[in-house]
Structure formats: structure tokens, C-alpha cells
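Undergrad: A structural model of the following input is requested.
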Amino acid sequence: MPGETWVREVQAGRATDLGAGRTATHQGRLVTQGGWTPLGDATVFNLYRPPTLVHGEADLAGLWIEHVHRVYPDEAHHIIDGWRTGYSGRQRSQTMRW
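TA: A predicted model of the protein is given here:
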């Protein structure tokens, strides 16, 4: 079976999306001009994959901690606690258009 025939039969996706917390596919809508548009036969694939968490060695963080205290003396504890707990302040979403 030719590739274009297979694509037509399985209704391949028309766009991709990078949206944390969204489903793997979005049926019946399409990303256009930076927004979602209802479109009955459209499928959008969500390509977002959560990052892999790599744990480091806390004993090697001394120079970085000293640097943060020197550059941000009043906010150093808040910054370090944020990095330690993985707090980013907001969830980001990005859409790719082809």
C-alpha cells in the first residue's frame, strides 16, 4: 500500500503540540494562528514528554550555593529552596506549527 493511501486511511495528525498535562492526541480541533480551531476530522499529536530527573551529589553544590548567596544575598534561601524542590513558578506550554 502506498504511503499516502495509508495516511489518508488512518487520518494522520495535521499538527503537533507540546502541552504538559494534555492528552496524547486531540480529536476534532486543529492549531491555527496560535489558537485552537474546531475541525471535525483533525487530529493533533501532543509530543510533550516529561523530563527525566537526574539526581546529583549534594556535596558538590558548595560553590554554586556560595555564588547564589554572593549574587542574591537577600533571596538566596528562596532560590535554593526553589531549585531543591523543583518549583518553577508556572507550567509552560508551547505549540509547534509546521
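Undergrad: Name the nearest residue to residue 48, ignoring sequence neighbours.
TA: residue 18 (4.8 Å; CB to CB, 6 or more residues apart in numbering). Any C-beta I mention is one placed from the backbone N, CA and C, and that applies to glycine too.
Undergrad: quick one: the strands in the chain?
TA: For the chain, strands defined by DSSP state E occupy the ranges 15-19, 25-32, 35-46, 93-96.
Undergrad: Return the member of these having the minimum mean pLDDT.
TA: Of all these, mean pLDDT reaches its minimum on strand 93-96 (a mean of 48).
Undergrad: Can you list the low-confidence ranges for the protein?
TA: Within the chain, the ranges that satisfy pLDDT under 70 run 3, 6-13, 86-98.
Undergrad: According to the record, where do the domains of it fall?
TA: 1-50, 51-88 (automatic domain parsing).
Undergrad: ok, back up a step: with respect to residue 72, which of the strands of the chain lies nearest?
TA: Set against residue 72 and scored by CB to CB, the strands of the chain come closest in strand 93-96, at 28.1 Å.
Undergrad: ok, back up a step: show me what the residue nearest to residue 48 bridges to in the sheet.
TA: residue 94 (DSSP bridges).
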